[in-house]
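**Student:** The following comprises the amino acid sequence and a computationally predicted model.
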Amino acid sequence: MTGTEWWRTAVIYQIYPRSFADANGDGMGDLAGIRSRLPQLAELGVDAIWLSPFYTSPQRDAGYDVADYCDVDPLFGTLADYDEMQAAAHALGIRVIVDIVPNHSSSDHPWFQAALAAGHGSPERAHYIFRDGSGENGDLPPNNWQSVFGGNAWTRVIEPDGTAGQWYLHLFDSTQPDFDWDNEWVRSQFRGVLRFWLDRGVDGFRVDVAHGMIKAKGLPDYTPPAEGGSMGGAGALEPGVVADPIATAPYWAQDGVHDIYRDWRLVLDEYEGDRILAAEAWVDPLEHVARWVRADEMHQAFNFAYLETPWKADDLRSVIDRSLAAFSAVGAPSTWVLSNHDVVRHASRLALTADNLQGHGIGPNTVGLPDTVVGLRRARAASALMLSLPGSSYLYQGEELGLPEVVDLPDASREDPTWFRTNGERYGRDGCRVPIPWEADGPSYGFGPTAASWLPQPGMWAGLARDQQDGVADSTLELYKLALTLRRENFLGLGSVEWLDSPSDDVIVFRNGNVVVVANTGDQPIELPAGDILLASGAVDGRTLPGDTTVWLSA
Ligand code: BGC
């Protein structure tokens, strides 16, 4: 594939392999399943897929706990299955981005096992962050850091001689020990991992926790400015937080992380074909995120500020302006995203009636659960708005079907470590990870050939299944297909945003090239400006645009 800076305008579809398509019927999605469904993604019109981890893993954090960076977990298939899937994607003109998880490995990884066995002061221990405990007998953690998933960020080990010994740092689950990225051996190993997948032909990497790999010297204590829980850690993106946690948290957004990406960029640049790095960096504000995509670093960074913006005209206008300004200041495209495997699906999130901290999830006892009809209307309107914006957009599997968060999962089926580490206080992320429906009548709604599904699927999946929406004029699937077609035909990804007069505080109106976009975030109908309606996220009566609806007009 030739290099054309395709990523500047690409629509990239996130596949969560566990829940996309299951070819062998064991209830867990797999690479052969992904391959079998690629034609439907080509039909949807996406430019690339990003696959969450499918590597060897004990699955304590759904694969974000990697025990071998260069092999496929048998749950998902084999390296040969990966190659076949990638070749099939490329044959359809779809690029393939894989996830890389460099902040931590699984505690099952041979490198960590070697560190445990080699003991105090060994070179093997220096690959991770081991420290002696505090307190008289070293039986207190070395500092006060908390895990993003809840509870302490340190776990004490039993030394080879059977005594209680050092502690290791894990910003996430205790089965996810953090690497010490000041260690040159760690850096060289990961260059090797990049090359392994680049040699296989991947088009890029989504870099997990790209803001966390370097910790402040001396690992000082940290007192968060507000109650936290987001992936950014203590309060990073929570509304109402005054102190800038990025300036203070000793484990997020340390300057040293950028040296790592400059180094990685050199590795990618050795390869032909426009391979990319995309940062998962939950940092705030956007000007700070832009540091990850300076000319000699990564290509894209997820725009979580956009994801976290409520469905309100003023806020949306402001975040769009700030995003375009911040990213273009460093020559990078803005990205846009509304859902992923870590957040409440936007068909539910946009209609929540009470605050919900990112990463906490929603469940039966959540206050302010959404009205599903309002949620779907807003989600369709929000997606139509997002797909009209210049830059690159990320979609999360199932949003093209309008899937809501599943709120009534039985507790016994939950797998997210957040649920266990908070004793059920936070539901966590399982509700957005339920295997998706392809066929109303199939066992497991077409997810696989049997009824097995690693998380139970709700009955409403029948009505939302892809085969119920395919070719049905007003379906969410057809809305996405039309949006992607018009986006491509009108070069919206390459365009710009020119704000136009708005008839109401609840409405945003702008022109991107040949298209005028009108998004009504309120509940009062408005009169549409001139122009043929090219796309509407909901029913439009003549020239009256109802609330929670977005239209694209010919300019
Ligand atoms: C991933 C999560 C994962 C965490 C730890 C993230 O930000 O997106 O799903 O639990 O990193 O790897």
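**Tutor:** It's in.
**Student:** What strand or helix carries Asp83?
**Tutor:** In the assignment (DSSP states H and E), Asp83 maps to helix 79-91.
**Student:** Give me the contacts around that helix.
**Tutor:** Applying Cβ atoms under 8 Å, 6 or more residues apart in numbering, the contact partners of helix 79-91 are 1, 30-32, 34-35, 38, 49, 54, 71-72, 95-96, 200-202. Bear in mind the C-beta positions are built from the backbone N, C-alpha and C, glycine included.
**Student:** between these, which is nearest the ligand?
**Tutor:** Relative to the ligand, the closest of the contacts of helix 79-91 is Phe54; by Cβ to the nearest ligand atom it sits at 13.5 Å.
**Student:** ok, the closest one - how many residues close by?
**Tutor:** For Phe54, the number of neighbouring residues by other Cβ atoms under 10 Å comes to 25.
**Student:** Distance-wise, check the residue lying closest to Val101 once chain neighbours are set aside relative to Pro58.
**Tutor:** Leaving aside its sequence neighbours, Val101 sits nearest to Asp208 (Cβ to Cβ, 6 or more residues apart in numbering; 4.3 Å). Distance of Asp208 to Pro58, computed by Cβ to Cβ, to the nearest Å: 17 Å.
**Student:** Buried by neighbour count: which residues of the helix holding Asp83 qualify?
**Tutor:** Within helix 79-91, the residues scored as buried using 16 or more other Cβ atoms under 10 Å are 81-82, 85-86, 88-89.
**Student:** now swap in stretch 392-400 and tell me
**Tutor:** Across stretch 392-400, burial judged by 16+ other Cβ under 10 Å covers 392-400.
**Student:** phi, psi of the residue of the stretch 51-200 of the chain found nearest the ligand?
**Tutor:** Using Cβ to the nearest ligand atom, the single residue of the stretch 51-200 of the chain nearest to the ligand is Tyr64, 3.4 Å away. Per-residue torsions, Tyr64: phi -80, psi 20 (degrees, to the nearest 10).
**Student:** about what we covered before: so for Asp208 and Pro58, which sits in the more crowded spot?
**Tutor:** Using other Cβ under 10 Å as the criterion, Asp208 and Pro58 rank with Asp208 on top: 21 against 15.
**Student:** Was I right to think that one contacts Ser105?
**Tutor:** No. Counting by Cβ atoms under 8 Å, Asp208 does not reach Ser105; the two are 11.4 Å apart.
**Student:** Closest to the centroid, which residue in this protein?
**Tutor:** Asn340 (4.1 Å; Cα atoms, centre = their mean).
**Student:** Let me see the confidence value for the nearest residue to it once chain neighbours are set aside.
**Tutor:** Nearest-residue entry for Asn340: Tyr396, 4.9 Å, with adjacent residues in sequence omitted and distances by Cβ to Cβ, 6+ apart. The per-residue pLDDT reported for Tyr396 equals 99.
**Student:** Hmm, Tyr396 is touching Ala347, no?
**Tutor:** No. In this structure, Tyr396 is not within contact of Ala347 by Cβ under 8 Å, at 10.7 Å.
**Student:** Low-confidence ranges, the stretch 351-500 of the chain, go.
**Tutor:** Nowhere does the stretch 351-500 of the chain drop to pLDDT under 70.
**Student:** Which stretches in it count as helices?
**Tutor:** 372-386, 417-421, 461-464, 466-469, 476-489 (DSSP state H, counting those that start in this stretch).
**Student:** closest one to the ligand among these?
**Tutor:** helix 417-421 (7.7 Å).
**Student:** can you give me how far that closest one is from the chain middle?
**Tutor:** Distance of helix 417-421 from its chain centroid, counting by Cα atoms, centre = their mean, to the nearest Å, is 19 Å.
**Student:** Now look at it and say if it contacts the ligand.
**Tutor:** No. Judged by Cβ under 6 Å from any ligand atom, helix 417-421 stays clear of the ligand, getting no closer than 7.7 Å.
**Student:** if we can go back for a sec, can you put the buried residues of helix 79-91 in TSV and add distance to the ligand and pLDDT?
**Tutor:** Converted to TSV, those look like this (distance: Cβ to the nearest ligand atom, whole Å; pLDDT from 0 to 100):
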residue	distance to the ligand	pLDDT
Asp81	23	98
Tyr82	20	99
Met85	21	99
Gln86	22	99
Ala88	26	99
Ala89	22	99
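**Student:** hmm, back to that, mean neighbour count for the helices of the stretch 351-500 of the chain - can I get that in CSV?
**Tutor:** Formatted as CSV, the helices of the stretch 351-500 of the chain follow (neighbours: other Cβ atoms under 10 Å):
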stretch, mean neighbour count
helix 372-386, 23
helix 417-421, 22
helix 461-464, 18
helix 466-469, 20
helix 476-489, 19
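**Student:** Alongside the ligand, which residues does the protein contribute?
**Tutor:** Where the chain comes near the ligand, counting by Cβ under 6 Å from any ligand atom, the residues are 61, 64, 101, 172, 208-209, 231, 280, 341-342.
**Student:** Among the residues you listed, show me the least confident.
**Tutor:** Lowest-confidence member of the residues of the chain next to the ligand: Met231, scoring 48 (pLDDT).
**Student:** buried sites along stretch 443-456?
**Tutor:** For stretch 443-456, burial by neighbour count (16+ other Cβ under 10 Å) applies to 444-448, 452-455.
**Student:** again, but for stretch 251-265
**Tutor:** Under the neighbour-count criterion of 16+ other Cβ under 10 Å, stretch 251-265 has 251-254, 257-258, 260-261, 264-265 buried.
**Student:** which residues touch that stretch?
**Tutor:** With Cβ under 8 Å, 6+ apart as the test, stretch 251-265 has contacts from 102, 145, 171, 181-182, 187, 190-191, 194, 207, 210-216, 222, 232-233, 236, 245-246, 277, 279, 281-283, 288, 291-292, 294, 296-298.
**Student:** Make a PyMOL selection of whichever of those turn out to be buried.
**Tutor:** The buried residues among the contacts of stretch 251-265 can be selected in PyMOL (16+ other Cβ under 10 Å) with this line:
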select buried, resi 102+145+171+181+187+190+194+207+210+211+212+213+214+215+222+232+233+236+245+246+277+279+281+282+283+288+291+292+294+297+298
